[in-house]
Structure formats: C-alpha cells, structure tokens
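Undergrad: The following comprises the amino acid sequence and a computationally predicted model.
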Amino acid sequence: MTQRTHDAEERARLLTLATRASVAVALLLIALKGGVWLASGSVSLLAGLIDSLMDAGASTINLFAVGYALKPADKEHRFGHGKAEALAGLAQAAFITGSALLVLAQGIDRLLHPQPLEAAWSGIAVMLFSIIATLALLAVQRHVIKRTGSTAIGADALHYRSDLLLNLSIIAALLLAQFGVQRADALFGLAIALFIAFGAVKIGRQAVQILMDRELPDGVRAHILQLARSIPGVLDIHDLRTRESGQHWFIQLHLELPAELSLAQAHEVGEQVRLAIISHYPQAEVLVHKDPA
C-alpha cells in the first residue's frame with residue numbers, strides 16, 4: 001500500500017468518525033432539549049431545540065455528502081466527487097437560516113405576550129450538559145479538520161462553536177427569568193436568531209466560493225511557487241491555477257525550462273516539481289506543463 005493510499009484511507013476513516021459523532025450528539029440533545037422545552041415553554045430553549053434539529057439535519061446531510069465525496073473519480077466524474085461537501089455546506093446554510101426565522105418569529109410573539117417559565121432549573125441543567133457534549137464533539141472535529149481540511153466538517157464545527165454561545169445565552173435567559181425579568185427569555189431568543197443567521201451567511205459564502213473554483217489561499221500559492229522554483233533547471237513559472245474540491249486540490253502550472261533540454265530531461269524536471277509539491281500537499285493533483293524559455 002502506498003503512502004498516498006494510506007493517507008486517503010485515514011482521511012476517510014476520520015471523516016466518517018466526525019460525521020457519525022455529530023449526528024449522535026445532535027440526536028441526544030434533541031431528546032433532552034425537547035423534553036425540557038415542553039415542560040417550560042421557554043423561547044430560548046425552543047431556539048436551542050430548533051438549532052439541534054437543524055444540527056441533526058445538517059449532520060445527516062454531511063454524513064451522506066462526505067461518503068459520496070470520498071468516492072473515487074469515475075467515467076462521469078473525472079475530477080472526483082469532492083464538491084458534494086460544498087453542496088452539503090449550502091444545505092446547512094439553508095437549514096440554519098430556516099431555524100433562525102422560526103426562532104425570530106417565536107421571540108417576537110413572546111416579547112409582545114410575555115409568559116412565566118416553568119422547569120427553568122431543569123433547562124439550565126440540560127444546557128450545561130449540552131455545553132459539555134458540544135465541547136467533546138468540537139475536540140473530535142478539530143482533530144479531523146486538522147488532518148483532512150474538510151469543508152463540510154469545518155462548516156459543521158463552525159455551527160457547533162456558535163452553539164456554545166447559544167447555550168450560554170439560554171442559561172443566562174433562564175436565570176434572568178427566574179429572577180423576574182420575564183422578557184429576557186424573548187430578547188435572548190431574538191439575539192440568538194440573529195447570531196444563527198450570521199453563521200448561515202458565513203457557511204453559505206464559503207461553500208459558494210468552493211463551488212465557484214476559488215483559488216487556494218495566497219500563502220499556499222506562494223509556497224507552491226517556492227517549491228517549484230527550488231528544483232534545478234526551472235527558470236521561471238507562470239499561469240499557476242489552483243482550486244479545491246472536497247478533499248482534493250487541483251494545481252496546474254507552466255514551467256519555463258532551458259530550450260536545449262531534451263524531451264526526457266524536461267519531463268524529469270517536471271516530475272521533480274510535481275513530486276516536490278505532492279510531498280507537502282498529498283491531497284493535490286498536480287499538472288505540470290513545460291515551456292521552452
């Protein structure tokens with residue numbers, strides 16, 4: 001088994017672990033938050049419940065999208081299936097936007113018609129547990145993102161990081177309501193809805209950039225040029241083009257080589273450049289074109 005094959009299998013294992021853990025945590029929190037919301041009627045708890053429902057939906061989409069994105073290239077998809085991850089990110093953005101609108105409507109209604117809360121302390125206990133579960137999941141996701149650079153897992157982690165602030169806000173709202181500030185629950189619910197909507201815009205924008213074949217970051221492009229220029233015989237480089245598709249990067253560049261090189265010598269220089277780039281970015285497919293200077 002080659003090192004590249006081993007790396008691909010390890011990325012697949014980590015992505016599957018992260019998506020399954022995300023679904024499991026979301027389903028557990030739905031059950032807990034749903035029970036406490038039915039007992040309390042809290043708008044902020046409803047926001048947390050809807051957010052967890054959206055988490056479960058988005059994570060389930062991720063589970064299938066990542067599995068599809070990991071499929072190798074075939075006759076109909078010669079560049080692989082990696083953009084399925086970006087499509088999953090767009091689906092997440094839609095889910096999150098829908099949840100924000102639902103909470104916004106409920107918060108406005110409760111702000112105009114405040115009601116006392118029941119079972120607030122049970123709600124606080126559930127939210128504390130939610131924070132612990134979310135931190136554990138984020139630790140897993142952080143490790144997977146570091147090893148794979150997955151867009152879908154990154155979008156999922158962004159949402160769960162926002163959940164930490166959301167859960168703390170719900171605790172604050174429930175505590176204030178217990179001390180007689182009845183509209184605090186509705187106000188926190190509205191604030192959470194706006195925060196969720198902001199996250200949806202950020203996730204959607206990132207997914208669109210990938211679907212539109214945006215270039216890799218400037219620092220990565222500069223490093224690619226540095227690696228190519230370090231190979232003896234390379235006089236200059238032009239027309240560097242890069243894009244990202246799920247777990248795969250696609251890199252194209254033109255080398256300017258001495259005109260007197262034979263075809264075999266030019267090919268060897270190009271192969272050295274390709275291997276130098278892949279040694280640092282094993283997820284990359286590198287296409288090198290050779291031009292006489």
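TA: Thanks, I have it.
Undergrad: Give the buried residues for the longest helix seen in the chain.
TA: Ranked by number of residues, the top helix in the chain under DSSP state H is helix 3-40. Buried residues in helix 3-40, counted by 16 or more other C-beta atoms under 10 Å: 8, 11-12, 14-15, 18-19, 21-23, 25-26, 29-30, 32-34, 36-37, 40. Using the backbone N, CA and C atoms, a C-beta is placed for each residue, glycine as well.
Undergrad: need the helices for the stretch 101-250 of the chain, in chain order.
TA: Remark: helices assigned in the stretch 101-250 of the chain by DSSP state H, counting those that start in this stretch are 120-148, 151-178, 184-211, 218-229.
Undergrad: now those helices in TSV, with mean neighbour count, distance to Gly270 and mean pLDDT?
TA: As requested, the helices of the stretch 101-250 of the chain are exported to TSV (neighbours: other C-beta atoms under 10 Å; distance: least, C-beta to C-beta, whole Å; pLDDT from 0 to 100):
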stretch	mean neighbour count	distance to Gly270	mean pLDDT
helix 120-148	18	28	86
helix 151-178	22	30	76
helix 184-211	20	28	78
helix 218-229	15	10	93
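Undergrad: Out of these, which gets nearest to Gln283?
TA: Ranking the helices of the stretch 101-250 of the chain by proximity to Gln283 (C-beta to C-beta) places helix 120-148 first, at 8.3 Å.
Undergrad: Give me the pLDDT for the residue lying farthest from the centre of the chain.
TA: Distance to the chain centre peaks in the chain at Glu260, reaching 48.2 Å (criterion: C-alpha atoms, centre = their mean). Glu260 carries a pLDDT value of 91.
Undergrad: do you know how far Pro258 is from Leu158?
TA: 48 Å (C-beta to C-beta, to the nearest Å).
Undergrad: Return the distance of stretch 258-278 from the chain's centre.
TA: Stretch 258-278 sits 37 Å away from the centroid of its parent chain (C-alpha atoms, centre = their mean, to the nearest Å).
Undergrad: What are the contacting residues of that stretch?
TA: Stretch 258-278 has contacts (C-beta atoms under 8 Å, 6 or more residues apart in numbering) with 4, 224, 227-228, 230-235, 251, 253, 255, 257, 284, 286, 288-290, 292-293.
Undergrad: do that again at 7 Å, thanks
TA: 224, 227-228, 230-231, 233-235, 251, 255, 257, 284, 286, 288, 290, 292-293 (C-beta atoms under 7 Å, 6 or more residues apart in numbering).
Undergrad: Return the members of these classed as buried.
TA: The buried subset of the contacts of stretch 258-278 - by 16+ other C-beta under 10 Å - is Ile224, Leu227, Ala228, Ile231, Val234, Ile251, Leu255, Leu257, Ala284, Val286, Val288, Lys290.
Undergrad: Farthest pair within those residues?
TA: Leu257 and Ala284 (21.2 Å).
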